[in-house]
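>>> Need coordinates for the below:
(one chain, ligands or ions: 1)
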Amino acid sequence: MEEVQTRLQKIGLDETTIKNTLKGKNALKSILQTLDLVGVKECDKKIGNLLYEMSQNLTEALDNRRALLATYIVEGKISNKLQLEGGLEYLRTHTHLEQVPAQDFDKAAGVGIVVTPEQIKNTVAEFLQNKQDLKTIRYTYNFSEYTKQLRTLLPFAEGKLLTQELNQQIEALLGPKTEEDLKAAKTQTKKPQQQQQQLEQQGEEEDDCKFDISKLVARDLATTVNSEQLLNWRKQNFPYEVLTRFPPEPNGYLHIGHAKSINFNFRLAQHYKGVTYLRFDDTNPEKECQEFIDNIKENLRFLGYTPFKTTHASDNFGKLYDYAVQLIQKGKAYCCFLSKEESSKLRTDLKPSPYRDTQPAENLEIFRKMKMGYYKENEVCLRAKIDPTHPNPTLRDPAIFRIRFTPHPHQGDKWCIYPLYDFTHCICDSIEGITHSCCTLEFEVRRDLYYWFLKELDLYRPFVWEFSRLNVSNTVLSKRKLHHLVFNNIVDGWDDPRILTLNGLRRRGYTADSINKFCDLISVTRKGNENFIGMHVLESCIRKDLDVKAPRTMAILEPILAIIDNVAEDFSEELEVAIIPRNPQKGNRKILLTKQIYLDKNDVRTEDHADFWGVAPGKIIGLKQCGPFKVLSVTANEVHLERLGKDVKPKGFLHWLSVKEATPCVVRLYDYLFEAYDPNELEDYIKGINPNSKIVCANALMHKDLLNSKPEDKLQFERLGYFNLDFDSKDGKFIWNRTVTLQEKDKIKAIAQVDGKQVQKKDVPQQKKDNAKKEAKKE
Ligand SMILES: NC(=O)CC[C@H](N)C(=O)O
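Numbers count the residues shown, from 1 in each chain. Now for the predicted structure:
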């Protein structure tokens, strides 16, 4: 390890980076691989850091580009982060190329471009000369739009220098801000009352938002730039400078990854006093249904976000049809009668469709007939006429409308042709005036297509920004895998508390606060492909939240009777204890100590053991809230105790319930669904399943005070963890789901604690221990 550390020091990495790298297996492997590849033993700090940055951003798909990037860095052709990002983005969108054309790559990475302060000065001056209205609008000009446009002119200039220069020149031009200017700036930020109210509802006060629009930088800003005319159109129609959307397709349940996107979109807009739409991306009626639409709305409510508006892509089907007609008229779309197999073969062979040259008039006629239901499904589709040989497959004449005789959940049977995602998404973003269209990195390859449509149709262009997709350890999040788990009954439905769907999390007992906090904590970045987070991070969020919210009480998972021999038959003592010790305002609760009580079998052994501090013959034990006891005898079904004076100090305190106050309940103990830290890395992820992920204690007991509990009530059973009352609790049946153990380290104990089955510590699978250790260390 020391040797590795020295290697990293020699390339100039700072101590924190080195420390973090040594912790992560993959991070370390990647940088060492890069260094070996280019044979670098020692180098300048700048180069070392770039090599490091590059190595951390290499996804599997880009592994074969490592040598190329490393060489460019070592040779100084790529000498800053911006260039690296440019190069990486080019490679990410061109993974299909066997050979990377040097000319294109150099352009993307800005090789050989050095932007001097002089150049920046001149470019800004020229740029401002063209802003004729600046003298009239003065300081109300759109700063972010200006810098965005400038960046396209000088993509490799350092951003800070660029904005500095811009500010200086503007001040030189307009003079310092007058009182009028300050007033104008104030009225500009004043927003309609409705929006203000909404922001208040969303709890604006806690705006420690890390979302900074200037960090959302993409490479090809040229495509994002709008003409003055389009900007004016947007300005006239939308009073919000920042408008984002959360656009799920209603074809499944939302999961924690969607929560990340929801938080990002809503908070980004809130931070800039803008608003967010919920848009159903409902273009595929075969997979969508009302159940999912309702569920998505319900989940947003649960998380505490209120969309400013709820829209449906399908409400724009008419407009989308008209835009398709426009493309046909321009000769930029054609009707294609090839079968799916035929066209996919042509696309692979980079050959054009024989229908490519059909004249607009004929295409229009066919398209009209498609809409009338004249053709069968898959007999014909409408394609964009872009470039059948394009290196980016999404640009090889993609289909944009297809025939489906399936009624639509939102539109009924109005349509038998449906637009496809790529065509729909950009146009809906545009006509809704969305300013920032944020999506996960898998959509990066589709960005060129997004802008192609908007350019051809001369529509307003939102700024597209991709972020890495969330992945959490010991679980899976892909729709396909979740589907498999649900439909093969490996879990109990979409709201099984072991999966990270929002319904599952909620049923497990996760609060909206804890989920939002988690999203905040992990933040949003564009690094790598995936944002891989240990499950312990999520768990620590709910622990912190429930620690201050959950009332304390006791339950017994597997009861065994205990009799206190040295008290009278009718003995009873009322004990008063805090409901939430950290929060005395919540008051006290009363519990009764009686001659007969229940203990948990798991705490009881007929024979003592050196490392055991529970109930065994001859031992001194403590009972929570009521002091020390001596264990007189233990049989399989009964324990005899003697109450001792308070001056004896037992090693630990056990939970218990008076026979007079105990009432039956069911307790479900959940653990990670996957034993494997990253099941996605396994050849067959199902092999990573944890066979003990759900343990049902059917004969458990709870305190009778809980008979009034309602589903979703949360509490702490002392020593056992935090619990949530399951939705299935009715007709006097109470089912408590364990949300999380009290401490990370309890997880190992928890498995050893499988009620009467007496699973010993040595039975805990080794890998699990390793994982838990790994996790505990990280925390
Ligand atoms: N651009 C995007 O954000 C993609 C949204 C798409 N409807 C999805 O649910 O994945």
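>>> For the rest of this, base every contact and every neighbour count on C-alpha atoms.
Fine.
>>> residues contacting residue 127?
residue 150 (CA atoms under 8 Å, 6 or more residues apart in numbering).
>>> any idea which element it lies in?
Following DSSP states H and E, one finds residue 127 within helix 117-129.
>>> In the stretch 651-779 of the chain, where is pLDDT below threshold?
Scanning the stretch 651-779 of the chain with the threshold set as pLDDT under 70 gives 745-779.
>>> Nearest to the ligand within it, name that residue for me.
residue 680 (19.6 Å; CA to the nearest ligand atom).
>>> does the residue of the stretch 301-450 of the chain found nearest the ligand count as helix, strand or coil?
Closest contact between the stretch 301-450 of the chain and the ligand, by CA to the nearest ligand atom, is at residue 439 (3.8 Å). For residue 439, the secondary structure call by DSSP: H, G, I helix; E, B strand; the rest coil comes out as strand.
>>> Name the nearest residue to it, sequence neighbours excluded.
residue 466 (4.9 Å; CA to CA, 6 or more residues apart in numbering).
>>> ok, now residue 13?
residue 49 (6.2 Å).
>>> for that neighbour, what are its contacts?
Here residue 49 is in contact with 11-13 (CA under 8 Å, 6+ apart).
>>> from those residues, which are also near the ligand?
Filtering those for proximity to the ligand by CA under 6 Å from any ligand atom leaves nothing.
>>> The residues you listed into JSON lines, with extra columns for distance to residue 560, pLDDT and secondary structure?
Putting the contacts of residue 49 into JSON lines (distance: CA to CA, whole Å; pLDDT from 0 to 100; DSSP: H, G, I helix; E, B strand; the rest coil) gives the following:
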{"residue": "11", "distance to residue 560": "63", "pLDDT": "93", "secondary structure": "coil"}
{"residue": "12", "distance to residue 560": "62", "pLDDT": "93", "secondary structure": "coil"}
{"residue": "13", "distance to residue 560": "59", "pLDDT": "93", "secondary structure": "coil"}
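>>> still on that earlier bit, can you pull the phi/psi pair for the residue nearest to residue 13?
Main-chain dihedrals, residue 49, degrees, to the nearest 10: phi -70, psi -40.
>>> Okay, it and residue 70: tell me how far apart.
For residue 49, the distance to residue 70 equals 11 Å [CA to CA, to the nearest Å].
>>> So which bits of the stretch 101-250 of the chain are right by the ligand?
247-249.
>>> swap in the stretch 351-500 of the chain?
Near the ligand, when you scan the stretch 351-500 of the chain using CA under 6 Å from any ligand atom, you find 438-439.
>>> Please enumerate the helices of the stretch 351-500 of the chain.
Per DSSP state H, counting those that start in this stretch, the stretch 351-500 of the chain carries helices over the ranges 360-372, 421-431, 447-456, 479-487.
>>> Which of those helices sits closest to residue 347?
Judged by CA to CA, the one of the helices of the stretch 351-500 of the chain that comes nearest to residue 347 is helix 447-456, at 15.8 Å.
>>> roughly how far out does the closest one sit from the chain middle?
Its chain's C-alpha centre and that of helix 447-456 lie 27 Å apart, by CA atoms, centre = their mean, to the nearest Å.
>>> average model confidence for that helix?
Averaged across helix 447-456, the pLDDT comes to 96.
>>> and whichever residue of the stretch 251-400 of the chain sits closest to the ligand, what pLDDT?
Of all residues in the stretch 251-400 of the chain, residue 281 sits closest to the ligand, at 4.9 Å by CA to the nearest ligand atom. Residue 281 carries a pLDDT value of 97.
>>> phi, psi of it?
Residue torsions, per degrees, to the nearest 10, at residue 281 are phi -90, psi 70.
>>> Now it: closest residue in space that isn't a chain neighbour?
residue 249 (4.5 Å).
>>> so that neighbour makes contact with residue 286?
No - Residue 249 is beyond contact range of residue 286, at 11.7 Å (criterion: CA atoms under 8 Å).
>>> residue contacts, the spatially most central residue of the chain?
Centre of the chain computed as the mean C-alpha position; nearest residue by CA atoms, centre = their mean is residue 257, 2.9 Å away. Contacts here follow CA under 8 Å, 6+ apart; on that basis residue 257 touches 469-471, 477.
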